[in-house]
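Student: sequence isn't available, so here's the structure alone:
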Ligand SMILES: NC(=O)c1ccc[n+]([C@@H]2O[C@H](COP(=O)([O-])OP(=O)(O)OC[C@H]3O[C@@H](n4cnc5c(N)ncnc54)[C@H](O)[C@@H]3O)[C@@H](O)[C@H]2O)c1
Ligand SMILES: [Zn+2]
Ligand SMILES: [Zn+2]
């Protein structure tokens, strides 16, 4: 089968490899139909993810058809069309029983990281019963791919943790696929204002189309001043950090209103200053989270019922044998205007 393999820092290759086989009774082999590339795959290629060893097939998003189900798999059978969660979960360990699948003691984010991933013709999915979701007949397959990672991430880490509420004021710092997923799913709760902050004009323009009530270009270093002006000096009830660098988190610290929440989504590689000398008295909450994917069934229903336009995030389409071009397009988003690139396997 064809597979995109990580070759160490800065290296990736499209190789011909053997089709994976079952390793445990709870495994399933899925024939991948569609997959995509995540910003986290670029982090791996930059050498930022030490758990991912050279030789690993990348990818943690996708849909496909069950090719083979282990003897312990009871929820699915050969031929079923399924959505793959980016987080694998056993459903039984202490963390899974608390709904914290991201910290499953024999799962979590392992796909395309510690075990081979979805950017291939076939993938082995451990804990198949609890890590796959059936796609209802007639489901829009392209839209559903957006549910493997980015929509649950924006929703769980940003919107739910950020306590977005009717009439509330939200700012989302970072308008990449994750920030835009937070924008789309914030709208479930009808906040009065959704202010999008980024440095990329295309992405800000896209934010306007997807329901932002105001956009702020942060490239002049005055983003927080502008958000304060837009909110009459009060700040926002929810500040969602969707970048993963100190500057964007500090913007959130500056714009959170008294009683508000800073919901961090970004993966941070370096420490960030916390201005407690000002924030200690502001009754704020700061949250962090690795996506649990517990909201995938709910999000699947919102896509099915056309309440969530997940497909709006797809800008480019490729075949699996063009995946190196897909990586180039995705990694040069400022010039290619790429958000999510869809890959047909
Ligand atoms: N917590 C989780 O479980 C989880 C899951 C998936 C991804 N992530 C993380 O979420 C973050 C966002 O992911 P993405 O794929 O959308 O990334 P991305 O790189 O495509 O988007 C980030 C956006 O931030 C903008 N930006 C950069 N500096 C900025 C600044 N100072 N102020 C405002 N905007 C700025 C960029 O122009 C870009 O549009 C990443 O750090 C990613 O690793 C977290
Ligand atoms: Zn991802
Ligand atoms: Zn578990």
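Tutor: Cool, the structure landed. In this text the structure is predicted, and so the values were computed from the model without any measurement. Ligands and ions are numbered 1, 2, ... in the order given.

Student: drop to CA atoms for contacts and neighbour counts, all remaining ones
Tutor: Fine.

Student: in contact with the residue of the stretch 151-300 of the chain found nearest ligand 3, which residues are there?
Tutor: Using CA to the ion, the single residue of the stretch 151-300 of the chain nearest to ligand 3 is residue 292, 11.1 Å away. Going by CA atoms under 8 Å, 6 or more residues apart in numbering, residue 292 touches 87, 99, 100, 101, 102, 152, 153, 156.

Student: tally of neighbours for the first one?
Tutor: Going back to what we said before, that points to residue 87. 26 (other CA atoms under 10 Å).

Student: mind listing what it touches?
Tutor: Applying CA under 8 Å, 6+ apart to residue 87 gives the contacts 60, 101, 102, 107, 108, 109, 110, 111, 131, 291, 292, 293.

Student: ramachandran angles for the third one?
Tutor: Pointing back at residue 102 there. Dihedral pair for residue 102: phi -60, psi -20, per degrees, to the nearest 10.

Student: number of nearby residues for it?
Tutor: 22.

Student: what does the fifth one give?
Tutor: Counted with other CA under 10 Å, the neighbours of residue 108 add up to 22.

Student: in a helix, residue 318, correct?
Tutor: No. Counting by DSSP: H, G, I helix; E, B strand; the rest coil, residue 318 is not part of a helix but strand.

Student: so residue 323 sits against residue 343, correct?
Tutor: Yes. Shown here, residue 323 and residue 343 form a contact pair, counting by CA atoms under 8 Å, at 7.1 Å.

Student: return the residues in contact with the residue nearest to the spatial centre of the chain.
Tutor: With distances taken as CA atoms, centre = their mean, the residue of the chain nearest its centroid is residue 150 (2.5 Å). Contacts for residue 150 (CA under 8 Å, 6+ apart) come out as 177, 178, 181.

Student: next one: phi and psi at the first one?
Tutor: Listed backbone geometry of residue 177 is phi -50, psi -40, with angles given as degrees, to the nearest 10.

Student: so for the helix or strand in which residue 261 is found, mean pLDDT?
Tutor: Assigned by DSSP states H and E, residue 261 belongs to strand 256-264. Strand 256-264 carries an average pLDDT of 98.

Student: partners of it in the sheet?
Tutor: strand 236-241 (parallel), strand 285-287 (parallel) (DSSP bridges).

Student: next SSE after that strand?
Tutor: With DSSP H and E, the next secondary element past strand 256-264 is helix 276-279.

Student: other residues contacting that next one?
Tutor: So helix 276-279 is contacted by residue 253 (CA under 8 Å, 6+ apart).

Student: mean confidence for that helix?
Tutor: When pLDDT is averaged over helix 276-279, the result is 97.

Student: also stretch 100-117?
Tutor: Averaging pLDDT along stretch 100-117 yields 98.

Student: can you give me how far it is from the chain middle?
Tutor: Distance, stretch centre to chain centre, for stretch 100-117: 14 Å (CA atoms, centre = their mean, to the nearest Å).

Student: that one and ligand 3, are they touching?
Tutor: Yes. Using CA under 5 Å from the ion, stretch 100-117 reaches ligand 3 at residue 104.

Student: give the buried residues for that stretch.
Tutor: Buried residues in stretch 100-117, counted by 16 or more other CA atoms under 10 Å: 100-104, 106-117.

Student: and it, is it in reach of ligand 1?
Tutor: No. Figure legend: stretch 100-117 not in contact with ligand 1 (CA under 6 Å from any ligand atom); closest approach 8.3 Å.

Student: ends of that stretch, what's the gap?
Tutor: From its first residue to its last, stretch 100-117 covers 21 Å (CA to CA, to the nearest Å).

Student: equivalent analysis for stretch 126-143, please.
Tutor: 24 Å.

Student: who's in contact with it?
Tutor: Stretch 126-143 is touched from outside by 24, 26-28, 34, 63, 73-76, 80-85, 87-91, 125, 297, 303-304, 309-311, 342, with contacts defined as CA under 8 Å, 6+ apart.

Student: please repeat the previous calculation with a cut-off of 6 Å.
Tutor: Residues from elsewhere that reach stretch 126-143 (CA atoms under 6 Å, 6 or more residues apart in numbering): 26-28, 73, 75, 81-85, 88-90, 310-311.
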